[in-house]
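Undergrad: Take a look and give me a structure for this.
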Amino acid sequence: MGQRISSLKLRPSKSKNMEPETKEPGCTEKTGEFSEPDIDTQGINLDMERPLGDCVFEDLPFELIQRNLTFVPDCDLKECSCVCKTWQEAVTEQSFWRQKCERGGQYVEKYMAPYFPTDWKEFYFKSPFARNLIKNSSGQDSKGEFDLCEWKILSDGGERWKVETDCPGSARLPDEVLLLTGGQYKSFATSYGWCEREQVIDLLEEGFSEEMLDCLQPIIFVSEWYAARFDCGNTYEFGVQLLNGRPTSDDTKDVIIDSFTFGPIQTPEWPEKSWKQASHHFREYGPGLRFIRYWDKSKDNKFWAGHYGGKMAGSEVRFVFTQEQKTAEEGGVQGASSS
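TA: Okay, the predicted model is just below:
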């Protein structure tokens, strides 16, 4: 933005007596060669040392400058703040980040008002309502075949948890899972002993406010895709707990607000090669929600060496808003129950 005009040569045309009606502007009469046209610079202010950015933005209202800068990619905003004091103020104000949130869908006033973030910039980058809260949902972030980063392993039976590519022995991953993994064909496989794991989501740390959680009580969608190998049966189970406090031991009964359990499901030998989805929506769960515990486990039914147990992928926890929920909220949410 600080680039300056170093030179601008204005020369009269080589042909002094050009007649526009007999030849094209900018070309000599005989040869048709290009010549620089006459430019009358009288009354034109050409400040050769003036930054090009100032020439464009100096007279614009601050609000318009700020709005234009909201279209700049996030990776370039740091450079924008170095251009001038006005730009620095524009990209650091809370109003700038609120516009970014509303344009990007991180904050939808139709559903979330009158509850607003205290720090719009932090809310923009954490985007709690606009993303999957489960990390490494299919092994796409794992660095090795036995790396379950972001997951806490509760049981690592048989030959341990494993991250697989291309789902050997089962069907290809459905498109819904690929949307979560960025197109990577990754999944988790279990062995002949129980393989169990969990993630505990701290909702305040993820960017939610207590007011939003307690007053909005948005619908919570939880889901996981599971599959069996074509040549071996397995047992699979999956569950989610809504908690009003962080679990301090294996027993979380004292802090459970609501819960959902799918299974245990027994898949027989020689099943259809397909992925199935287990899912649930939590509604009207009441105030106090601060943590979500997500867990799953599986093992094969034949005690075979290797990884013949159930496969999991596309683990998901997401807050969703609907027009029906907004209507219910305006009429007052009564009680707390699971659905």
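Undergrad: Please make it C-alpha for all contacts and neighbour counts, starting now.
TA: OK.
Undergrad: So, low pLDDT: which residues of the protein?
TA: Flagging of the chain using pLDDT under 70 yields the residue ranges 1-58, 249-251, 323-339.
Undergrad: Report the distance from the longest helix along it to the chain centre.
TA: Criterion DSSP state H: the longest helix present in the chain is helix 94-104. Taking C-alpha atoms, centre = their mean, to the nearest Å, one finds helix 94-104 lying 16 Å from the centre of the chain it belongs to.
Undergrad: neighbouring contacts of it?
TA: 66-67, 70, 90-91, 107-109, 119-121, 123-124 (C-alpha atoms under 8 Å, 6 or more residues apart in numbering).
Undergrad: try stretch 114-129
TA: Under C-alpha under 8 Å, 6+ apart, the answer for stretch 114-129 is 94-95, 97-98, 100-101, 106-107, 206-209, 211-212, 318-320.
Undergrad: Take it, keep the C-alpha atoms, and write them as PDB.
TA: What follows is stretch 114-129, C-alpha atoms only, in PDB (Å, rounded to 0.1, in the frame of the first residue of the first chain):
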ATOM      1  CA  PRO A 114     -30.300 -10.600  22.300                       C
ATOM      2  CA  TYR A 115     -27.300 -12.500  23.600                       C
ATOM      3  CA  PHE A 116     -24.100 -11.200  22.200                       C
ATOM      4  CA  PRO A 117     -20.400 -12.100  22.700                       C
ATOM      5  CA  THR A 118     -18.300  -9.900  25.000                       C
ATOM      6  CA  ASP A 119     -15.300 -10.200  22.600                       C
ATOM      7  CA  TRP A 120     -16.300 -10.400  19.000                       C
ATOM      8  CA  LYS A 121     -12.800 -11.100  17.700                       C
ATOM      9  CA  GLU A 122     -12.300 -14.100  20.000                       C
ATOM     10  CA  PHE A 123     -15.800 -15.300  19.000                       C
ATOM     11  CA  TYR A 124     -15.000 -15.000  15.300                       C
ATOM     12  CA  PHE A 125     -11.900 -17.200  15.500                       C
ATOM     13  CA  LYS A 126     -13.300 -19.800  17.900                       C
ATOM     14  CA  SER A 127     -16.600 -20.000  15.900                       C
ATOM     15  CA  PRO A 128     -18.300 -22.200  18.500                       C
ATOM     16  CA  PHE A 129     -21.700 -22.300  16.700                       C
END
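Undergrad: Check which residues of that stretch are buried.
TA: With burial defined by 16 or more other C-alpha atoms under 10 Å, the residues of stretch 114-129 counted as buried are 117, 120-121, 123-124, 126-129.
Undergrad: now, the most widely separated pair of the residues you listed?
TA: Spanning the widest gap among the buried residues of stretch 114-129 are Lys121 and Phe129, at 14.4 Å by C-alpha to C-alpha.
Undergrad: can I get the buried residues of stretch 114-129 in CSV with secondary structure and distance to Ile153?
TA: Supplementary listing: these in CSV, determined by DSSP: H, G, I helix; E, B strand; the rest coil; distance: C-alpha to C-alpha, whole Å:
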residue, secondary structure, distance to Ile153
Pro117, coil, 34
Trp120, helix, 35
Lys121, helix, 34
Phe123, helix, 30
Tyr124, helix, 31
Lys126, helix, 26
Ser127, coil, 27
Pro128, coil, 25
Phe129, coil, 27
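Undergrad: of all those, which comes closest to Lys143?
TA: Nearest to Lys143 among the buried residues of stretch 114-129: Lys126, at 23.7 Å, using C-alpha to C-alpha.
Undergrad: The stretch 151-300 of the chain: helices as residue ranges?
TA: For the stretch 151-300 of the chain, helices defined by DSSP state H, counting those that start in this stretch occupy the ranges 175-181, 210-211.
Undergrad: Any chance you could list what contacts the shortest one?
TA: The contact list for helix 210-211 (C-alpha under 8 Å, 6+ apart) reads 115, 204, 288, 290.
Undergrad: Report the buried members of those.
TA: Looks like the contacts of helix 210-211 have 288, 290 buried, using 16+ other C-alpha under 10 Å.
Undergrad: could you dump the contacts of helix 210-211 to a markdown table with distance to Lys273?
TA: Shown next, in a markdown table, are those (distance: C-alpha to C-alpha, whole Å):
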| residue | distance to Lys273 |
| --- | --- |
| Tyr115 | 46 |
| Leu204 | 40 |
| Gly288 | 42 |
| Arg290 | 38 |
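Undergrad: Which members of the contacts of helix 210-211 occur in strands, if any?
TA: Per DSSP state E, strands hold no members of those.
Undergrad: can you give me the strands for this structure?
TA: Using DSSP E, strands in the chain cover 152-156, 162-165, 186-189, 195-202, 219-227, 234-243, 256-267, 276-282, 291-300, 311-320.
Undergrad: So what pairs up with the closest residue to Lys297 other than its chain neighbours in the strands?
TA: Computed as C-alpha to C-alpha, 6 or more residues apart in numbering, the closest residue to Lys297 that is not its neighbour in sequence is Glu196, at 4.1 Å. Here Glu196 shows beta-bridge partners Ser155, Lys297, assigned using DSSP bridges.
Undergrad: How about the contacts made by Thr92?
TA: If a contact means C-alpha under 8 Å, 6+ apart, then Thr92 has no contacts.
Undergrad: could you check the distance from it over to Cys75?
TA: 15 Å (C-alpha to C-alpha, to the nearest Å).
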